[in-house]
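1. Mind folding the following:
(chains A and B)
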Amino acid sequence: MNVYPRIALIVLVAAPGLAGVSCRRPPATPPGPAVNQDSIDAENARRDADARREQMRRDSLARERARMDSMNNAGSRRTQMMEAARETIRNPVYFEFDRSDLSPEDQARLDAKIPILNANPGLRIRASGHTDSRGSDEYNLALGQRRAAAAKRYLTQHGIDAARIETVSFGEERPAAQGSDEAAFAQNRRTEFEIIAGGDDIVVPAGP
Amino acid sequence: MTLSRFLGASLALALLLPALPLLAQDTTAKRGVRIGLSYQLGGRRGVYIAPVSGPVGDSVRAILQRDLDNGDRVTIVGSDSAGIALAPLVRGTRPGYEIFARLGAAALIVATPTPTGLHVALHDVAGRKVAGSRSFALPAFAAARAWRAAMHVVSDEIEDWVTGTRGIAATRIAFSRGGRLFVIDSDGWGETAVGGSSPALSPAWHPNGQRLAYSVLGETGSRIMVLELSGGANRALVSRGGLNITPVYAPDGMTILFSSGAEEGTDLYAVPASGGPPRRVTVGRGTDNVSPSYSPDGRRVAFTSGRSGHPEVYIMDADGTGAELLTPFAFGDQYYRSNPDWSPDGRNVAFQSQVAGQFQIMTISLRDRSVKQHTSESTNEDPSWAPDGRHLAFTSSRTGVKQLWVLDTETGRVRQLTRNGGARLAAWSPRLAGR
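-> Presented below is the predicted three-dimensional model:
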């Protein structure tokens, strides 16, 4: 072997080491036959594997994220529907002064509770009757009781077991709205409904 | 009589005539001067209470004067500082009767502190002599509540000497405020919370004045409770579920009548005061029957009923038979009458009636069913008779918040009893001598 290939080899081998140093020697000539292709292949293979692993990791994360999003959306929909069912149960009915009869709108509100009650045999509620602050405090306790009983009677007449509905009166003692105007009075003449059992895993009836 | 005098007298009479049905307007006493229409059933006796010596003399004199003034049966003469100047006329064995007669005093009260209490002499001015005297034992002044209670007994005795009718100073009024029960002396002193369960409504006195029945609301229904005022023992008498409200003791204290119901209206039930199963008294057939009040002989009961379609006052026999409408109503008009209280002399039932959108205190005579309106300002509710059958405690909103007031049904005079707002559902105690 003559001296030029040896010099080339030395330069090639030394080139990486001289990379940061200003090189006074002329650049090495294009590579001849002595390239270490195996090393390069191995390096490339390593890099490819890393990239593949990284991509797999990213794909897996993305899949997991998509799966959780899908679950959350379905969960919050379900949660929303359950809460809506509870709200339908809790929806109050309202009355005219000194009256305990149910208007068509009140009856509709009560009608809406019935499928939920039917779908949840363990669901028990308490109807509490209230009045506005006019009238005798004492007679208002009886009027409140009458209002709670009227709501209960409507539900039992539509097939709900009476044992599932408690009644109580608070007369004028627990106003929903303060004030001495008709707007406040109208909000206070009501029967409220409270879930006292079976409301946690409430089954939402498949409705029309 | 000259023409002008005749016209003048006619005018005066004409001004008084529109009082049919008899309307005694509210009057507010201002420093002894009463304003407004005030008709008197014969003149009132004037009474002069001499200044009292000793360290508590001013308090003694103030209580005697206030109690007699609150009784509305006598006029206090010389109650201001000028009256102090009359004191020398009372000293010695020969008081200046002529001067007191000219001042309008029919009686002089001379109270002298003693080691054990008070000695009180009543002088008959016209007869120029001592008409009677008595020594009263008083607790120590420092035992303020007990001392005042004993002083009120003195006042009531004096009123009996002078007018023939015992006063009501030695009484208290129970009421509800903010869900708690309170008791206040009849002169407005010493308002005290008395314990019991909460929220408490509708206190009612046992005839011995030592315990209160009341109702307490809860999440699953209301209960009838009994509270011992001395010691604070508090027990449930009726806790059967549902609505149990407006208890009242029968005059013999052996029975409590109350309103109860769940889903078929409310009826009046009787329960032994010592406990036991309640027995239904009214047959309301699904209507609401509340707020009973016994006649003083215990034979009849007044109560509120919605059986006609709106609340009215009914009376019935205590066993539930013979129910009849007491408050008259005109067919087609929407009336609201409730919260009856039978007077201790059996003659009248006080109640509240809706008038022009507000409630007013009314009384109806059981003899001739004539109705009298006693208030006209703001809304006034829930009357409770004092033991003299003449004064009523009631709830008024005339100051903007609910307070208890006292009304004299004969003159229309009113005075404010409570100072802290939100007081309602007053129950006037029986006479509480020595408490």
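
2. Quick check, pLDDT for residue A:59.
-> Confidence at residue A:59, expressed as pLDDT, is 88.

3. which residues does residue B:299 contact?
-> B:317-318 (CB atoms under 8 Å, 6 or more residues apart in numbering or on different chains). Heads up, the C-betas are built off the backbone N, CA and C, glycines and all.

4. Please read the previous query as pertaining to residue B:417.
-> Per CB under 8 Å, 6+ apart, neighbours of residue B:417: B:173, B:184, B:188, B:393, B:403-406, B:423.

5. 10 Å - rerun?
-> Remark: with contacts taken as CB atoms under 10 Å, 6 or more residues apart in numbering or on different chains, residue B:417 is in contact with B:70, B:173, B:175, B:184-188, B:191, B:393-394, B:396, B:403-406, B:423, B:426.

6. Now, of those residues, which are buried?
-> Neighbour-count burial (16 or more other CB atoms under 10 Å in any protein chain shown) applied to these gives B:70, B:173, B:175, B:184-188, B:191, B:393-394, B:396, B:403-406, B:423, B:426.

7. mind giving me the domain ranges of chain A?
-> A:36-87, A:91-197 (automatic domain parsing).

8. what about residue B:420, how many residues close to it?
-> 12 (other CB atoms under 10 Å in any protein chain shown).

9. I'd guess it is in a helix, am I close?
-> No. Using DSSP: H, G, I helix; E, B strand; the rest coil, the secondary structure at residue B:420 is coil, not a helix.

10. just checking, it touches residue B:188?
-> No. Using CB atoms under 10 Å, residue B:420 is not in contact with residue B:188; the gap is 11.0 Å.

11. quick one on the thing from earlier: return the member of the domains of chain A having the minimum mean pLDDT.
-> domain A:36-87 (a mean of 86).

12. Get me the contact residues on the stretch 251-400 of chain B for chain A.
-> Applying CB under 10 Å from any CB of the partner chain, one finds that the stretch 251-400 of chain B approaches chain A through B:259-266, B:284, B:286-291, B:304-306, B:309-311, B:334, B:336-339, B:351-352, B:354, B:357-359, B:379, B:381-382, B:395, B:397.

13. Take those residues and keep only those in strands.
-> Judged by DSSP state E, these include B:259-261, B:289-291, B:304-305, B:337-339, B:351-352, B:354, B:358-359, B:381-382, B:395 as members of strands.

14. dump the residue contacts of residue 190.
-> Unless you meant another one, I'm taking chain A. Per CB under 10 Å, 6+ apart, neighbours of residue A:190: A:92-95, A:106, A:128-132, A:144, A:147-148, A:151, A:175-177.

15. my bad, chain B
-> B:144-145, B:148-149, B:172, B:183-184.

16. Now do it against chain A, distance only.
-> According to CB to the nearest CB, to the nearest Å, residue B:190 and chain A sit 25 Å apart.

17. just residue B:274 next, same as before
-> Distance, residue B:274 to chain A, by CB to the nearest CB: 25 Å.

18. before we move on, the earlier item: pull out the buried members of the residues of the stretch 251-400 of chain B next to chain A.
-> The buried subset of those (16+ other CB under 10 Å) comprises B:259-263, B:265-266, B:284, B:287-291, B:304-306, B:310-311, B:336-339, B:351-352, B:354, B:358-359, B:379, B:381-382, B:395, B:397.

19. Enumerate the residues of chain A near chain B.
-> A:97-98, A:100, A:126, A:128-129, A:134-146, A:148-150, A:152-153, A:156, A:162, A:165-171, A:173-174, A:180, A:194, A:196.

20. Please check those residues and keep the buried ones.
-> By neighbour count, with 16+ other CB under 10 Å, the residues of chain A next to chain B hold A:98, A:100, A:126, A:128-129, A:134-146, A:148-150, A:152-153, A:165-171, A:173 as buried.

21. Which of the residues you listed fall in helices?
-> A:137-146, A:148-150, A:152-153 (DSSP state H).

22. isn't residue B:310 right next to residue B:354, touching?
-> Yes. Assessed by CB under 10 Å, residue B:310 is found in contact with residue B:354 at 9.3 Å.

23. Please enumerate the shared neighbours of these two.
-> Common neighbours of residue B:310 and residue B:354 (CB under 10 Å, 6+ apart) are B:334-338.

24. what residue ranges in the stretch 101-250 of chain B score low on pLDDT?
-> Nowhere does the stretch 101-250 of chain B drop to pLDDT under 70.

25. which SS class is whichever residue of it sits closest to chain A?
-> Here the stretch 101-250 of chain B gets closest to chain A at one residue, residue B:243, 4.5 Å apart by CB to the nearest CB. Secondary structure state of residue B:243, per three-state DSSP, is strand.

26. how about it, what does it touch?
-> Contacts of residue B:243 (CB under 10 Å, 6+ apart): A:129, A:141-142, A:144-146, A:148-149, A:167-169, A:171, B:215, B:217, B:221-223, B:258-263, B:265-266, B:288, B:290.

27. Since that was my last question, I'll sign off now.
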